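> Coordinates for the following, if possible.
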Amino acid sequence: MKSISKVFFLLTCMLLLTGSSLFAHNGKKHGKAKIDSAQAVAPASQHQHGGHDSTAMQAAMSPDGDHQHGLSEFPTLHPLVVHFPIVLLIIAALLQWVGLLVYKKEITIVAWALLLLGFIGAYASSTWFHAHTSQLAPAIQAVLEEHEKYASYTQWLSGIALLVQSVNLFFLKRNVWVNASMAIVMSAAAFFVAYTGHHGAELVHKHGVGAKGYLLEQHHH
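Numbering: from 1, shown residues only. Presented below is the predicted three-dimensional model:
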């Protein structure tokens with residue numbers, strides 16, 4: 001009973017830590033001075049984004065009035081979902097190493113639970129909440145292909161680790177060599193999800209893909 005209580009306590013702490021980091025600025029102002037909208041889009045008007053005229057991007061980025069925004073306002077829910085597997089898979093890999101070094105069952109189980117949630121998040125981001133693009137310039141398309149390639153690596157590695165570690169925990173009674181092997185596989189998944197996020201940030205912040213639906217197929221949600 002004490003063991004189960006420890007597992008739930010550790011898992012709750014990790015989920016609270018994850019949630020607080022993801023929603024740290026929700027509903028709060030950052031305290032920085034507001035930038036005039038004309039100044040905000042001025043740099044974009046001085047060049048083209050991978051072959052696309054920045055006029056379309058400026059139109060997408062322009063404010064559309066002061067009103068309440070709900071989930072229906074988002075052209076895609078991909079960015080709202082994708083940050084969960086990034087955080088969960090990285091923490092799961094770290095905890096797997098900690099559990100291996102100190103050989104604590106509770107830590108290993110929490111790492112497995114976070115791996116499960118991270119895999120679900122990675123799968124959901126790549127399928128149900130996948131952002132469908134349109135009319136990308138070759139340079140942007142190349143970045144997108146890298147982004148999707150490493151997302152696929154993440155999904156496969158985390159899925160394999162989840163399957164093997166499930167057998168290890170519930171049937172093999174935490175075999176130390178399997179634990180060590182899965183720590184390596186989970187670390188690889190954590191690396192790939194971080195690299196996937198790097199390319200995703202490049203698409204959004206460098207090329208503007210997805211900002212208010214820019215370069216996205218509008219009939220997909």
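> Now do the contacts for the nearest residue to residue 190 once chain neighbours are set aside.
Take residue 190 and drop its neighbours on the chain: the residue closest to it by CB to CB, 6 or more residues apart in numbering is residue 93, 4.0 Å away. From N, CA and C alone the C-beta is placed, and that goes for glycine too. Going by CB atoms under 8 Å, 6 or more residues apart in numbering, residue 93 touches 111, 183, 186-187, 189-190.
> nearest to residue 83, of the residues you listed?
Nearest to residue 83 among the contacts of residue 93: residue 190, at 14.1 Å, using CB to CB.
> show me where the protein has strands.
Applying DSSP state E to the chain gives no strands.
> Pass me the low-pLDDT residue ranges in it, would you?
The chain contains residues with pLDDT under 70 at 1-78, 130-134, 208-221.
> how about the helices in it?
Secondary structure of the chain by DSSP state H: the helices cover 2-22, 37-41, 54-61, 78-102, 105-126, 138-170, 176-201.
> I'd like these written out as JSON lines, with distance to residue 207 added.
Listed next are the helices of the chain as JSON lines, based on distance: least, CB to CB, whole Å:
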{"stretch": "helix 2-22", "distance to residue 207": "24"}
{"stretch": "helix 37-41", "distance to residue 207": "15"}
{"stretch": "helix 54-61", "distance to residue 207": "9"}
{"stretch": "helix 78-102", "distance to residue 207": "14"}
{"stretch": "helix 105-126", "distance to residue 207": "19"}
{"stretch": "helix 138-170", "distance to residue 207": "5"}
{"stretch": "helix 176-201", "distance to residue 207": "10"}
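> Let me know which of those helices is tucked in deepest.
Highest mean neighbour count of the helices of the chain: helix 105-126, a mean of 22 (counted as mean count of other CB atoms under 10 Å).
> got the contact list for the closest residue to residue 114 other than its chain neighbours?
Distance criterion CB to CB, 6+ apart; nearest residue to residue 114, sequence neighbours excluded, is residue 92 at 3.9 Å. Residue 92 is in contact with 111-112, 114-115, 118, 186, 190, counting by CB under 8 Å, 6+ apart.
> Out of the residues you listed, which two sit at the greatest distance?
Distance extremes for the contacts of residue 92: the farthest pair is 112 and 190 at 14.4 Å, using CB to CB.
> I'd like the distance between residue 90 and residue 192.
Distance of residue 90 to residue 192, computed by CB to CB, to the nearest Å: 11 Å.
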